[in-house]
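S.K.: attaching a predicted model along with its sequence, questions to come.
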Number of protein chains: 2
Amino acid sequence: MKVLLTGASGHVGQAILGDLADEYEWRLLDLEHPGHDAPGEVFVGSVTDEELVAEAVEGVDAVIHLAGDPRPEAGWDSVLENNINGTYVVFKAAADEGVGRIAFASSNHAVGAFETEGLIPDIYRTDSTFRLDGSELPRPGNLYGVSKATGELLGRWLHDTFETSVACVRIGNLTKDHPPKDYERGQAMWLSYPDCAHLFDRCLQASYGYLIVYGISNNDRRYYSLEPARTMLGYQPQDNSAEFE
Amino acid sequence: MKVLLTGASGHVGQAILGDLADEYEWRLLDLEHPGHDAPGEVFVGSVTDEELVAEAVEGVDAVIHLAGDPRPEAGWDSVLENNINGTYVVFKAAADEGVGRIAFASSNHAVGAFETEGLIPDIYRTDSTFRLDGSELPRPGNLYGVSKATGELLGRWLHDTFETSVACVRIGNLTKDHPPKDYERGQAMWLSYPDCAHLFDRCLQASYGYLIVYGISNNDRRYYSLEPARTMLGYQPQDNSAEFE
């Protein structure tokens, strides 16, 4: 199975390649070259470059689209161009090429404004029953979150228009080796590197039409439901931030 | 009450001004001059012109934001710039100026892909119980619809960040004098000019935080619920497409 991975050099891309380098035939696209031991054909440039993207999607079976400005504090001009326009360019090129499946890195920031003064820090704690499950309307906490929720909309449009299978993963707090320390919010939405790779592997293997799931480990603390990812993707997370407290 | 109306020369703007010209102190912004008998101060230019928009919102109490590329078939470059970026420019300028209230012209196209082959034309008929009420995740039928749903996201972000009151009105099929003929879909989402003016009047008068409502008349045929607009805005539509069949 030939898979284009955009944003291959970022944290999420590295988590995915860390466990899945040998499982797929990779094409890797990023602004920076991921190094000469990169496990696949490399395309250097921006996802807003239509020609480059058209070349990169040629003949692939699936796309994992991670590329974009990853900063929660990113300004409007950057997220408009890199995240909103960039996602359109990738999605449309994939549809034009007849690619059947896209996994999209959305973000917890698409729903960050649910974390109101009245609810935090209670919802980060194990005795809270507050849960988001992806069926709620987004409440972006910043313009980066607006851009990610817009990517989800573009995915919905793509699925309805071209029948592409689209999985949007609202990635929590991805950190290597252990969860963030002294940061309840980060522990509640921790995603370990192995669980991240496994989740995107499921996005490449499972059968679905369009879905939005939360990408977190099996944390005792959490306010995102794991059920949609478990039932629709067969996601079985192995890590839990509570084991590091 | 001083109100900036963007897209004042379009159909929705003309419907609003037709009934409400004397009810508010208007500022009118459009690409084209709305004529020398325009009922307010005129600003000619694009909503993507930050300087012009900053000037136009200065000192207003509310904004009705209608401007943008209105074509359902509009291409990505146009909706990205005119609708998505233009809405950000207007919303952010309003927030920076401390404007407390925004009514935003969203569209039925934000949910157009709910109208699947399996559901139409049944849902356009009076014996159907299928209803959308604004709590559902959008399913844009085209890129114009994506841009309108993105405007709703920007409105949500604005409300959560700046406490601006934001009403998103998913406008149905606005036609003057009578509903579309021989067009069940258009009759199911007909919005008469007087009901349109009344609905935006309610958006300027009612108390709310953030809401999404459907903007249609009291049609016998409909698959959009009127209840949210009735209960949250006090909307009392007077027209019904059935009276013209």
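M.R.: Looks like it arrived, so ask away.

S.K.: contacts, neighbours, all on C-alpha from now
M.R.: Fine.

S.K.: okay, and A:D77 sits in which element?
M.R.: Element membership for A:D77 (DSSP states H and E) is helix A:76-78.

S.K.: now do the helices in chain A.
M.R.: Assigned by DSSP state H, chain A shows helices spanning A:11-20, A:50-57, A:76-78, A:86-97, A:143-162, A:184-188, A:193-205, A:227-233.

S.K.: ok so, going back, ok, and what's touching the helix holding A:D77?
M.R.: Outside helix A:76-78, the residues within contact range by Cα atoms under 8 Å, 6 or more residues apart in numbering or on different chains are A:69, A:143-144.

S.K.: could these go into CSV alongside neighbour count and pLDDT?
M.R.: What follows is the contacts of helix A:76-78, written out as CSV (neighbours: other Cα atoms under 10 Å in any protein chain shown; pLDDT from 0 to 100):
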residue, neighbour count, pLDDT
A:D69, 19, 98
A:L143, 26, 98
A:Y144, 28, 98
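
S.K.: those residues also near chain B: which ones?
M.R.: When Cα under 8 Å from any Cα of the partner chain is taken as the criterion, the members of the contacts of helix A:76-78 that contact chain B are A:L143.

S.K.: identify, from the contacts of helix A:76-78, the entry nearest to chain B.
M.R.: Closest approach to chain B among the contacts of helix A:76-78 (Cα to the nearest Cα): A:L143, at 7.7 Å.

S.K.: quick check: residues of chain A near chain B?
M.R.: With Cα under 8 Å from any Cα as the criterion, chain A comes near chain B at residues A:80, A:85, A:113, A:135-143, A:146, A:149-150, A:153-154, A:156-157, A:160-161.

S.K.: ok, A:A229 - contacts?
M.R.: Applying Cα under 8 Å, 6+ apart, the residues contacting A:A229 are A:213-215, A:235.

S.K.: state the distance from the most centrally placed residue in chain A to A:H11.
M.R.: With distances taken as Cα atoms, centre = their mean, A:A105 lies nearest the centre of chain A, 2.0 Å away. In this view, A:A105 and A:H11 are 12 Å apart by Cα to Cα, to the nearest Å.

S.K.: kindly export stretch A:42-56 (C-alpha atoms) in PDB.
M.R.: Extracted in PDB, the C-alpha atoms of stretch A:42-56 (Å, rounded to 0.1, in the frame of the first residue of the first chain):
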ATOM      1  CA  VAL A  42      11.000  12.500  -0.500                       C
ATOM      2  CA  PHE A  43       9.200  15.500  -1.800                       C
ATOM      3  CA  VAL A  44      10.500  18.800  -0.400                       C
ATOM      4  CA  GLY A  45       8.200  21.800  -0.500                       C
ATOM      5  CA  SER A  46       4.900  23.200   0.700                       C
ATOM      6  CA  VAL A  47       1.400  21.600   0.500                       C
ATOM      7  CA  THR A  48       0.300  24.800  -1.000                       C
ATOM      8  CA  ASP A  49       2.400  24.000  -4.100                       C
ATOM      9  CA  GLU A  50      -0.200  22.400  -6.400                       C
ATOM     10  CA  GLU A  51       2.300  21.000  -8.800                       C
ATOM     11  CA  LEU A  52       4.400  19.400  -6.200                       C
ATOM     12  CA  VAL A  53       1.300  17.900  -4.400                       C
ATOM     13  CA  ALA A  54      -0.100  16.600  -7.700                       C
ATOM     14  CA  GLU A  55       3.200  14.800  -8.300                       C
ATOM     15  CA  ALA A  56       3.400  13.500  -4.800                       C
END
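
S.K.: right, I'll call it a day here.
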